[in-house]
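J.: What would the 3D arrangement of this be:
(one chain, ligands or ions: 2)
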Amino acid sequence: MRGDGSILAGHSDSGPLFDGTAVRIATGARIPPETTAVIRSEHARVDTSAQQLHADREVIPGQDIRPRGQECRSGDRLLPALAVVTPPVLGLAAAAGYDELVTFARPRVEVLVLGDELLTSSLPHDGLIRDALGPMIGPWLRALGAEVVATRRLGDDAEALHRAVTTSEADVVVTTGGTAAGPVDHVHPVLRKAGAELLVDQVAVRPGHPMLLARLAPGKYLVGLPGNPLAAVSGLLTLAEPLLRGLAGRPAPAPYSAPLRDEVHGHPHDTRLVPVVHRDDRLVPLHYNGPAMLRGTAAADGLAVVPPGGASAGDELEVLDLPWATLTPWIPSDAGRCFT
Ligand SMILES: Nc1nc2c(c(=O)[nH]1)N[C@H]1C(S)=C(S)[C@@H](COP(=O)(O)OP(=O)(O)OC[C@H]3O[C@@H](n4cnc5c(N)ncnc54)[C@H](O)[C@@H]3O)O[C@H]1N2
Ligand code: MOO
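T.: Ligands and ions are numbered 1, 2, ... in the order given. Have a look, this model is predicted:
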């Protein structure tokens with residue numbers, strides 16, 4: 001209580017309020033015992049000479065008093081186990097008096113970008129191209145809940161790759177490129193030499209069919225993303241995402257489908273992943289969806305799962321959301337023609 005008799009938030013208990021009396025009180029302060037109601041200062045007049053308080057409107061018992069235990073009671077379960085610790089979860093935990101939370105650590109990931117042809121600045125020239133994956137994979141993995149410890153460019157150096165793979169302290173090593181069987185595709189030979197166990201070696205998905213998953217040691221994994229940029233995205237969504245989710249103890253999201261607005265051609269025997277945007281509850285397939293292209297994906301909010309043989313307008317297709325799906329700007333029907 002202050003010298004003028006006001007009760008402030010965070011100050012010790014005041015005595016009880018007797019019948020017919022009032023006291024000034026700040027928002028958040030504890031209500032004195034026996035209080036009937038709180039009248040907001042702007043809804044009352046104080047007559048100082050007569051030492052009287054006049055309410056300007058009806059006073060309802062209990063008004064503006066926040067009773068104890070409104071939001072939760074001792075022993076209530078506030079969230080299910082395995083909930084993701086989002087900013088409001090941290091706030092809720094603090095409000096409920098927790099000093100520590102038991103969590104799964106974010107998996108630590110190291111990214112190794114392979115390829116002698118890659119430039120890190122300015123325009124492509126003379127058979128050299130810009131590294132599109134180095135700037136993309138780390139932030140993408142972070143959006144999937146990983147802690148990215150480093151992104152390193154190793155060129156096409158088999159020894160450097162072997163050293164990096166066998167000495168990495170990360171839980172997951174993600175490589176880009178070098179998954180096929182070309183003269184400088186070193187991922188398979190290095191995994192053999194390192195004694196790794198191949199868990200997934202090629203998938204029936206385009207783009208991305210040479211993607212791979214290997215166990216380097218107990219609890220340590222390597223995801224080999226193909227070098228073609230959209231093939232790498234395909235591997236991120238279908239191998240890296242479930243692996244990171246499993247390591248972080250997160251449950252799988254429920255699969256969902258939506259109807260396709262336009263026909264999409266398919267691969268004769270493999271599943272295709274095609275960038276799409278949601279528009280008017282339909283999936284609009286985006287152009288520029290070739291294995292080496294990112295233009296469609298950069299405008300997409302998900303990749304649609306197109307079965308072998310293709311899909312017609314109206315078919316329901318499963319969608320793999322991109323982690324920032326809700327942030328992708330909605331493209332009105334008369335705009336975005338360069339993508340659709
Ligand atoms: N004989 C075969 N050759 C290829 C096959 C096949 O089945 N048999 N599959 C093709 C497919 S599909 C893909 S995908 C690629 C995957 O090969 P790699 O993972 O070994 O990738 P690279 O050869 O290193 O690169 C492929 C392509 O992507 C470009 N690239 C690589 N890294 C980057 C990067 N960081 N940023 C931008 N572009 C990148 C690279 O220059 C190549 O053009 O294999 C096919 N070949
Ligand atoms: O499947 Mo490759 O993975 O077409 O780009």
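
J.: From residue 33, how far off is residue 16?
T.: 4 Å (C-beta to C-beta, to the nearest Å). Backbone N, C-alpha and C define where each C-beta goes, glycine included.

J.: What of residue 151?
T.: 62 Å.

J.: Settle it for me: which of these two has more neighbours?
T.: Using other C-beta atoms under 10 Å, the more surrounded residue of residue 151 and residue 33 is residue 151, with 21 against 10.

J.: thought the more buried one was touching residue 137?
T.: Yes: using C-beta atoms under 8 Å, residue 151 is in contact with residue 137, at 6.9 Å.

J.: Disregarding flanking residues, what is the spatial nearest neighbour of residue 158?
T.: Sequence neighbours aside, residue 186 is the residue nearest to residue 158 in space, at 4.2 Å (criterion: C-beta to C-beta, 6 or more residues apart in numbering).

J.: list residues touching both of residue 16 and residue 33?
T.: Counting by C-beta atoms under 8 Å, 6 or more residues apart in numbering, no residue touches both residue 16 and residue 33.

J.: Reduced to three states, what does residue 239 come out as?
T.: helix (DSSP: H, G, I helix; E, B strand; the rest coil).

J.: Enumerate every residue touching it.
T.: 200, 211, 212, 213, 223, 225.

J.: Filter those down to just the ones in helices.
T.: Among those, no residue falls in helices (DSSP state H).

J.: closest to ligand 1 among those?
T.: Taking C-beta to the nearest ligand atom as the measure, residue 225 is the one of the contacts of residue 239 closest to ligand 1, at 7.3 Å.

J.: residues near that closest one, how many?
T.: Neighbours of residue 225 under the rule other C-beta under 10 Å: 30.

J.: Apart from its chain neighbours, what residue comes closest to whatever residue of the stretch 101-250 of the chain ends up closest to ligand 1?
T.: As assessed by C-beta to the nearest ligand atom, ligand 1 sits closest to residue 227 within the stretch 101-250 of the chain, at 2.4 Å. Leaving aside its chain neighbours, residue 227 sits nearest to residue 177 (3.2 Å; criterion: C-beta to C-beta, 6+ apart).

J.: Could you tell me the per-residue confidence at that neighbour?
T.: With respect to pLDDT, residue 177 scores 98.

J.: what does residue 93 give?
T.: At residue 93, pLDDT is 97.

J.: That one reaches residue 101, doesn't it?
T.: Yes: assessed by C-beta under 8 Å, residue 93 is found in contact with residue 101 at 5.7 Å.

J.: more crowded one of those two?
T.: Using other C-beta under 10 Å as the criterion, residue 93 and residue 101 rank with residue 93 on top: 16 against 11.

J.: Can you tell me which residues in this protein are near ligand 2?
T.: For the chain, the residues in contact with ligand 2 (C-beta under 6 Å from any ligand atom) are 206, 207, 208, 209, 210, 226, 228, 231, 291.

J.: Just the ones in strands from these, please.
T.: With strands defined by DSSP state E, the entries of the residues of the chain next to ligand 2 inside them are residue 206.

J.: could you redo the residues of the chain next to ligand 2 as JSON lines and give each row pLDDT?
T.: Formatted as JSON lines, the residues of the chain next to ligand 2 follow (pLDDT from 0 to 100):
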{"residue": "206", "pLDDT": "97"}
{"residue": "207", "pLDDT": "97"}
{"residue": "208", "pLDDT": "97"}
{"residue": "209", "pLDDT": "97"}
{"residue": "210", "pLDDT": "98"}
{"residue": "226", "pLDDT": "98"}
{"residue": "228", "pLDDT": "98"}
{"residue": "231", "pLDDT": "98"}
{"residue": "291", "pLDDT": "97"}
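
J.: with the residues of the chain next to ligand 2 in mind, which one is nearest to residue 52?
T.: Nearest to residue 52 out of the residues of the chain next to ligand 2 is residue 208 (C-beta to C-beta; 78.7 Å).

J.: which non-adjacent residue is nearest that closest one?
T.: Once flanking residues are discounted, residue 208 sits nearest to residue 234: 3.1 Å by C-beta to C-beta, 6+ apart.

J.: again, but for residue 297
T.: Excluding the flanking residues, the one nearest residue 297 by C-beta to C-beta, 6+ apart is residue 275, at 4.6 Å.

J.: Same question for residue 216.
T.: What sits nearest to residue 216 in space, not counting adjacent residues and going by C-beta to C-beta, 6+ apart, is residue 196, at 5.1 Å.

J.: Could you pull up the residues touching the one you found?
T.: 165, 214, 215, 216, 222.

J.: contacts for the helix or strand containing the first one?
T.: Residue 165 is part of helix 158-167, with elements assigned from DSSP states H and E. Under the contact criterion C-beta under 8 Å, 6+ apart, helix 158-167 has outside partners 110, 112, 114, 152, 154, 173, 175, 178, 186-187, 189-191, 193-194, 196, 216, 222.

J.: Filter those down to just the ones in strands.
T.: Those of the contacts of helix 158-167 lying in strands (DSSP E): 110, 112, 114, 152, 154, 173, 175, 216, 222.
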